[in-house]
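Engineer: Provided below for reference: sequence and predicted model.
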Amino acid sequence: MQTIRELFGTSKPIIALLHLRELPGDPGYVRGDRIEHQTELARKELLALQEGGVDAILFSNEFSYPYMDELSHVTTASMAYIIGRLKEEIRIPFGVHAISDPMATIELAAAVDAQFVRSVFAGGYVGESGIRSKNAGGYVRRKMELGLDDLMMFYMINAESDGDLSGRELEVIAKATVFKCHPEGICMSGIHAGLEADTDDLRRIRAAVPGTPVFSNTGTRKENVADKLAACDGAFVGTAFKKNGEFLNFVDGELVKEFMETVRRHRKDQ
C-alpha cells in the first residue's frame, strides 16, 4: 500500500470534489436530457480542477439527493460511464464516492480502477434518511474479494448532517475506527457540503490517532486553509472551488488557482 505522500505527491494533499450533476433516476434529472450532457459538464470541471493544480480528484454523485443507502444500478452505471469516458483525460490520482452506499463505492472503484474511496464505512446514524447502519467488515471483505489490495479507504467518522447513535466522543470513534478498521485516512465533516469542519475537533482527532492521517472533509476555503492544514493532514474541497463559493454553481478555474497558490505557500513554509 502506498503512503499518502507516495500517491498524492505531498503529505498534505488537496483532494478536489468533482460533483457529478443529476444522473438518470435522480429526482432532479431532467427528462429528455442525455448522459453525454452530464459527461461534458464533468469534463469541463475536470480540466479546470487539473489546470488549477489540485493534487487529486474525487468523483461523487453529489446531486443525487436525497441520498439512498442502496443505490439503484443506474446511478453507479452512470457514474462508471462518465468516469470511463474521461479516463484518458485524468492526469492526477482519482477516487470515487457513491453517496451513501459504501458497497457501491467499493464496486465502482473496481470498475473504473480508482485509487482511493471515501464513505461512511462504519457506525450507526440517524437523520433525514432514517436510521443508517454501516458495517465496515463487509466492505473491506468485498474490497479484498475484488483484489483491490492497494485501494485507499478514507473513513468519514461523522455523517455530516446525521447524528451518531452511539453517543461517543469523536476521539473515541476515531480510536475505535483505527483499531478495528485500519483506515488509510479519517475524515471530519461539517453539517453538510460547504460548511466548515471544526478546527479544534480536527486537532483533537489528530491527537487521538497519531500516525493516521486526518482530513478536513467540508468547508475548507482559501481563507481558512492554512489553519486547516496546520490542524490536520489534508482536505477534501468542493464548494470553495465553485463560482462565488456556492454549492449549486460550477467550478471556477481562477478560484482553484488562487486556492492552490495559497496552499503551496503554506506547505512551503511548513
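Structural biologist: Thanks, I have it.
Engineer: Just list the residues touching the most centrally placed residue in the chain, thanks.
Structural biologist: With distances taken as C-alpha atoms, centre = their mean, residue 118 lies nearest the centre of the chain, 4.9 Å away. Residue 118 is in contact with 58, 60, 95, 97, 105, 153, 154, 156, 187, 217, 236, counting by C-beta atoms under 8 Å, 6 or more residues apart in numbering. C-beta here means a position set from N, CA and C on the backbone, and glycine is covered the same way.
Engineer: Show me which of those is closest to residue 69.
Structural biologist: When those are compared for distance to residue 69 (C-beta to C-beta), residue 105 wins out at 11.9 Å.
Engineer: Whichever strand or helix holds the closest one - what's its average pLDDT?
Structural biologist: In this assignment (DSSP states H and E), residue 105 forms part of helix 102-112. When pLDDT is averaged over helix 102-112, the result is 98.
Engineer: Tell me which strands whichever helix or strand comes after it pairs with, and in which orientation.
Structural biologist: Using DSSP H and E, the next helix or strand after helix 102-112 towards the C-terminus is strand 116-119. Using DSSP bridges, strand 116-119 pairs in its sheet with strand 94-97 (parallel), strand 152-156 (parallel).
Engineer: Now do the contacts for residue 11.
Structural biologist: Applying C-beta under 8 Å, 6+ apart to residue 11 gives the contacts 4, 5, 233.
Engineer: Could you check how far the first one is from residue 119?
Structural biologist: So the one you mean is residue 4. To residue 119, residue 4 is 18 Å away according to C-beta to C-beta, to the nearest Å.
Engineer: picking up where we left off before, now what about the helix holding residue 105, what contacts it?
Structural biologist: By C-beta under 8 Å, 6+ apart, the list of residues contacting helix 102-112 reads 70-71, 75-76, 79-80, 83-84, 87, 95-98, 114, 116-121, 134, 138-139, 142-143, 146-148, 151.
Engineer: That one relative to strand 152-156, how many degrees between them?
Structural biologist: Between helix 102-112 and strand 152-156, the angle comes out at 150 degrees (axes from the mean of the first three to the mean of the last three C-alpha atoms, to 10 degrees).
Engineer: Tabulate the CA atom coordinates of helix 102-112 in PDB.
Structural biologist: Provided in PDB are the C-alpha atoms of helix 102-112 (Å, rounded to 0.1, in the frame of the first residue of the first chain):
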ATOM      1  CA  PRO A 102     -20.200   2.100   0.700                       C
ATOM      2  CA  MET A 103     -20.600  -1.200  -1.100                       C
ATOM      3  CA  ALA A 104     -21.400   0.500  -4.400                       C
ATOM      4  CA  THR A 105     -18.400   2.800  -3.800                       C
ATOM      5  CA  ILE A 106     -16.100  -0.200  -3.500                       C
ATOM      6  CA  GLU A 107     -17.500  -1.900  -6.600                       C
ATOM      7  CA  LEU A 108     -17.400   1.300  -8.600                       C
ATOM      8  CA  ALA A 109     -13.800   1.700  -7.700                       C
ATOM      9  CA  ALA A 110     -13.100  -1.700  -9.100                       C
ATOM     10  CA  ALA A 111     -14.900  -0.900 -12.300                       C
ATOM     11  CA  VAL A 112     -13.100   2.300 -13.000                       C
END
